[in-house]
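**Student:** only the shape, not the letters, is given here:
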């Protein structure tokens, strides 16, 4: 069947915010030394699309050698938001994505499925004047694959008729687990068997061929 809906990740797909958040993770780990900082940044980079709170848990367990407390998790979340949120509110859009939203928001139901906290994603997209393009905006928790499956189920669609657009292996894995189509954006996903672009400039034309 033709394409029935499109689900977008946010960071790196709609907003050019990945570098902003990478700097925020580095800043959190900086007091623990260069090696700790570099390990944390590498883990974040490899696990794009994973909730920041899962990343905090990993850092405390694998780098500091203990479990993070609920109080520490809350504090790190607040500090991360303080470091990153203002820049995310101002950062550029991924090239081509404005045209994609303009071309398809009246023709297909569009959704956001992000690993960032849901209220934060909704706030930023509202402030950026983008929320009106989407039928629904969803973030963590839960994990990306669970969230994508929920979107597909609640929309009453066959997963094979839904396109997931993402910039990270986590997004690709979620699409494979749920059974949706996948379009990759950015250098991390170059060379896969799925359609791909360095940015979103070719995405609208690809969608047009599949509706």
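**Tutor:** Here it is on my side, so go on. Since the model is a prediction, treat every value here as computed from it, not as a measurement.

**Student:** in the helix or strand harbouring residue 204, which residues are buried?
**Tutor:** Take DSSP states H and E as the rule and residue 204 turns out to sit in helix 203-208. Neighbour counts over helix 203-208 (16 or more other C-beta atoms under 10 Å) mark 203, 204, 206, 207 as buried. C-betas here are computed from N, CA, C, even on glycine.

**Student:** the closest residue to residue 6 other than its chain neighbours: helix or strand, and which one exactly?
**Tutor:** Counting by C-beta to C-beta, 6 or more residues apart in numbering, residue 6 lies nearest to residue 163, which is 4.8 Å off, once chain neighbours are set aside. Residue 163 is part of strand 162-166, with elements assigned from DSSP H and E.

**Student:** let me know the average pLDDT across that strand.
**Tutor:** Strand 162-166 carries an average pLDDT of 98.

**Student:** show me what it is in contact with.
**Tutor:** For strand 162-166, the external contacting residues (C-beta atoms under 8 Å, 6 or more residues apart in numbering) are 3-9, 12-13, 49, 113, 148, 151-152, 155, 171-172, 174-175, 178, 180-185, 189, 200, 203, 207, 210.

**Student:** which residues does the longest strand along the chain contact?
**Tutor:** Taking DSSP state E as the criterion, the chain has its longest strand at strand 110-117. Strand 110-117 has contacts (C-beta under 8 Å, 6+ apart) with 5-11, 14, 48-52, 77, 101, 104, 121, 125, 133-140, 144, 147-148, 151, 155, 164, 170, 174.

**Student:** tell me which of those residues fall in strands.
**Tutor:** 5, 6, 7, 8, 136, 137, 138, 139, 140, 164.

**Student:** for the lengthiest helix in the chain, buried residues please.
**Tutor:** Secondary structure of the chain per DSSP state H: the longest helix is helix 70-90. By 16+ other C-beta under 10 Å, the buried positions in helix 70-90 come out as 73, 76, 77, 80, 81, 83, 84, 85, 88.
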